[in-house]
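A.B. asks: would you be able to build a 3D model of this:
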Amino acid sequence: MVKRLVVGAHYGFRDWLAQRVTAVVMAVYTVYMFVCVLNLPAYDNAAWRGLMSGGFAKFATFLFALALFYHAWVGVRDIWMDYVKPISVRLTLHVITLLALIGYAGWVAQILWRL
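C.D. replies: Below you'll find the model as predicted:
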């Protein structure tokens, strides 16, 4: 009988699916913004403010940012889990990464709703 060695957190399918869903959200947003920017009457600050003044544009941008941050969290967390062996260092890197991404999300919200 072969005894299996259990290692890691085994997020597996959930993380694989999260990476794909967030990638689709980011791709759709990128196409949406590309079309919106191409349809701007002028390429200046006033036109950009006009584009981003609508509630949908702000929501879509914030959703894109959240998808980006979650996508980054899954990827960076997996890197830390795969390549950083000392548990204390790995935990420290997880916490720093998580705090940075939460801070970035707050910063994006502040920028978007300040416009």
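A.B. asks: can you pull the buried residues of the least confident helix or strand in the chain by mean pLDDT?
C.D. replies: Lowest on mean pLDDT, DSSP states H and E among the helices and strands of the chain sits helix 45-52, with a mean of 91. Using 16 or more other CB atoms under 10 Å as the test for burial, helix 45-52 gives no buried residues. Using the backbone N, CA and C atoms, a C-beta is placed for each residue, glycine as well.
A.B. asks: stretch 50-70 too?
C.D. replies: Within stretch 50-70, the residues scored as buried using 16+ other CB under 10 Å are 57-58, 60-62, 64-70.
A.B. asks: and for it, what's in contact with it?
C.D. replies: For stretch 50-70, contacts defined as CB atoms under 8 Å, 6 or more residues apart in numbering pick out 18, 21-22, 25-26, 29, 32, 36-37, 40, 101, 104-105, 108-109, 112-113, 115.
A.B. asks: what about residue 84, distance to residue 55?
C.D. replies: Applying CB to CB, to the nearest Å, the value for residue 84 to residue 55 is 42 Å.
A.B. asks: sounds good, over and out.
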